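>>> Build me a model from this:
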Amino acid sequence: MLSHLIIAVAALGASTLTLYSGFGLGTLLLPVFALFYPVETAVAATAVVHLANNIFKIGLVGKMADRSLVLGFGLPALLAAFAGAALLGLVAGLGTVTSYQLGALEATVTPIKLLMGLLILAFSLFELLPGLRQIRFDRRHLTIGGLLSGFFGGLSGHQGALRSAFLVKTGVDREAFVGTNAVIAFMVDVARLLTYGTIFVLAGRAATDMVAWTPADGSLVFTGIAAAFIGAVVGKRLLPKVTMATIRTLTGTLLVLVALGLISGLI
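Take a look at the predicted model:
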């Protein structure tokens, strides 16, 4: 039961934060699932919770989404997610830059993690440095942001950080930011999960066996989904009390943490 408690606490806390920042649930939940599953199965379990939570969030805040952002950013992200997910197997064979042991934790730095971390770290400066915080991204550039976010989302699952870094600079209010993030995250999740599933089927039984579920596995995933739903509800109720400045500070701080985690190989 300790495993269920750990998953529940992590999912509830991460889901609450994610409603505001637009990212973080998968990043925070994956290492927790990896405590109880092989990495490949942990990725699949995290993806299931992430998708279910995004569907639930659309029901809560989807009507707040900015339609022009969903079309201008979300559609390119959707298409790029298919390409990124399809390249996952190829990139996985690139090897590692370095690896090391930190207590009981083994950290592995890969080329894709290093690239993603540096990109996200650069974007975080636009939220945390006063001189850069006032800069806005013209909506004409949303296609580029959508392509980058969707591609890396399909490739590594870390799509939310880049997406939020772009969207927060468009000048949208807090409700539109939260709603738009939820809708686009769902679109990218559907694209990458469909692609992963196709790859597993084409790869045959060996790949399928990696994500075979037992009743115990299913109960852990269900616990994560239920706790994430509760976190989203809590976040929605607190939304009127949260300012856009708070959201931007939270986004910038989480961007730095995610970037450092990727660069160091800890996530």
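>>> So, low pLDDT: which residues of the stretch 151-267 of the chain?
156-159, 200, 202-217 (pLDDT under 70).
>>> Pull up the gap between Phe56 and Ile230, please.
According to Cβ to Cβ, to the nearest Å, Phe56 and Ile230 sit 10 Å apart. (C-beta placed from N, C-alpha, C; glycine too.)
>>> Would you map the helices across the stretch 1-150 of the chain?
Along the stretch 1-150 of the chain, counting by DSSP state H, counting those that start in this stretch, helices occupy 2-21, 25-33, 39-61, 67-69, 75-86, 88-92, 111-128, 130-133, 142-156.
>>> need these in CSV with distance to Ala185 and mean neighbour count, can you?
Below are these laid out as CSV (distance: least, Cβ to Cβ, whole Å; neighbours: other Cβ atoms under 10 Å):
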stretch, distance to Ala185, mean neighbour count
helix 2-21, 9, 20
helix 25-33, 9, 24
helix 39-61, 5, 21
helix 67-69, 13, 16
helix 75-86, 9, 22
helix 88-92, 18, 12
helix 111-128, 16, 19
helix 130-133, 24, 10
helix 142-156, 8, 24
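>>> Compare those and give me the one nearest Ile225.
helix 39-61 (4.7 Å; Cβ to Cβ).
>>> contacts for the closest one?
With Cβ atoms under 8 Å, 6 or more residues apart in numbering as the test, helix 39-61 has contacts from 11, 15, 18-19, 25-26, 29-30, 33-34, 36-37, 157, 175, 178-179, 182-183, 185-186, 189-190, 192-193, 196, 210-211, 217, 220-221, 224-225, 228-229, 232-233, 236, 239.
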